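Engineer: task: produce atomic coordinates for the following.
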Amino acid sequence: MKTKERTEQTTTVSQSPSVTIRRSDERGHAEHGWLDSRHTFSFAEYYDPKHMSFRSLRVINEDYIAPGMGFGMHPHRDMEIFSYVLGGALQHKDSLGNGSILKPGQIQLMSAGIGVLHSEFNPSRDEQTHILQIWIMPAKKNLTPGYTEWTPSAAQADAAKVLVISPDGRDHSAVIHQDADVWRVKLVAGEKVTHELVAGRGAWLQVARGRVRFEGADLAAGDAASVETAGMLEIVADEDTEALLFDLA
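Structural biologist: Below is the predicted model of the structure:
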């Protein structure tokens with residue numbers, strides 16, 4: 001059972017000068033009929049030289065996939081690609097022989113390495129699929145391709161902060177070939193969590209649902225904020241919230 005940490009309410013919130021905000025409505029947008037996608041960083045036909053990446057974080061796409069539709073078999077290489085399912089279901093198949101259907105709260109992580117083919121479909125006939133698709137650049141190229149999944153345990157399902165991806169697989173997280181930790185943050189209104197960012201690293205918070213205050217910045221669903229100043233970071237939920245927190249070398 002979660003315990004709320006009480007926080008003082010203030011009428012004015014000042015943004016820390018160390019925080020850089022990326023607003024939801026400023027993202028790139030692609031509408032393909034079957035796919036409605038928002039691009040945090042330059043992707044496909046959306047190009048903005050001011051928003052190419054953040055450290056090793058190269059792509060964050062928020063995708064809504066129509067029933068029965070999806071991405072057909074296509075190639076990737078030299079990229080760590082993972083999808084976080086927010087709504088509906090996602091059916092994965094790849095040239096490594098993997099195939100599964102993921103539900104909300106689950107994560108699939110594919111190391112493309114020297115090359116892999118995969119497809120991602122919405123298997124439902126009537127329900128939309130909602131995912132965050134993330135690409136992280138690997139520390140080395142020409143790796144052996146691999147695939148893994150992360151499913152929260154009963155204790156992790158509603159935990160405030162859970163490590164879901166890491167370079168060493170600690171705490172039963174999925175393994176990525178990069179010095180990157182990814183945390184799933186899930187808070188009820190009024191709850192808060194902290195995260196220590198050490199010198200030389202950068203943090204990126206991507207809000208999927210709800211509304212939070214992050215180092216003085218007010219963030220709503222689709223918004224993101226980055227910090228590259230060492231210290232104890234604080235995330236306070238103004239509404240029930242779901243987010244991903246990246247800690248990157």
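Engineer: when you work out contacts or count neighbours from here on, use the C-alpha atoms and nothing else.
Structural biologist: Noted.
Engineer: does Pro67 touch Gln91 like I think?
Structural biologist: No - Pro67 lies out of contact with Gln91 (C-alpha atoms under 8 Å); the separation is 11.6 Å.
Engineer: same drill for those two, tell me which one is more crowded.
Structural biologist: Pro67 (19 against 16; other C-alpha atoms under 10 Å).
Engineer: where does pLDDT dip in the chain?
Structural biologist: Applying pLDDT under 70 to the chain flags residues 1-17.
Engineer: can you check which residues contact both of Pro67 and Gln91?
Structural biologist: Asn122, Pro123 (C-alpha atoms under 8 Å, 6 or more residues apart in numbering).
Engineer: so what's the spatially closest residue to Ala30 that is not a sequence neighbour up against?
Structural biologist: Of all residues not flanking Ala30 in the chain, Ser37 sits nearest, at 5.2 Å (C-alpha to C-alpha, 6 or more residues apart in numbering). Residues in contact with Ser37 (C-alpha under 8 Å, 6+ apart) are His29, Ala30, Glu31, Asn61, Glu62, Asp63, Tyr64.
Engineer: give the contact list for the third one.
Structural biologist: Spelled out, it's Glu31. Ser37.
Engineer: mind listing the residues bridging to it?
Structural biologist: Here Glu31 sits in beta bridges with Asp36, as judged by DSSP bridges.
Engineer: and it, how far from Ile176?
Structural biologist: 30 Å (C-alpha to C-alpha, to the nearest Å).
Engineer: what of the first one?
Structural biologist: Distance check for His29 against Ile176: by C-alpha to C-alpha, it reads 28 Å.
Engineer: compare these two (neighbour count), which wins?
Structural biologist: Using other C-alpha under 10 Å as the criterion, His29 and Ile176 rank with Ile176 on top: 27 against 16.
Engineer: next, count neighbours for the closest residue to that one other than its chain neighbours.
Structural biologist: Take Ile176 and drop its neighbours on the chain: the residue closest to it by C-alpha to C-alpha, 6+ apart is Pro167, 4.9 Å away. Neighbourhood size, Pro167 [other C-alpha under 10 Å]: 15.
Engineer: in contact with Pro167, which residues?
Structural biologist: Pro167 neighbours (C-alpha under 8 Å, 6+ apart): Val175, Ile176, His177, Gln178, Asp179, Ala180, Asp181.
Engineer: please pick the buried ones from these.
Structural biologist: Val175, Ile176, His177, Gln178, Ala180, Asp181 (16 or more other C-alpha atoms under 10 Å).
Engineer: among these, which lie within strands?
Structural biologist: Val175, Ala180, Asp181 (DSSP state E).
Engineer: distance check, Ser83 against Ala237.
Structural biologist: On the measure of C-alpha to C-alpha, Ser83 and Ala237 end up 24 Å apart.
Engineer: what do you get for Phe71?
Structural biologist: From Phe71 to Ala237 the distance is 34 Å (C-alpha to C-alpha).
Engineer: higher neighbour count, those two?
Structural biologist: Higher neighbour count among Phe71 and Ala237: Ala237, with 22 against 13, using other C-alpha under 10 Å.
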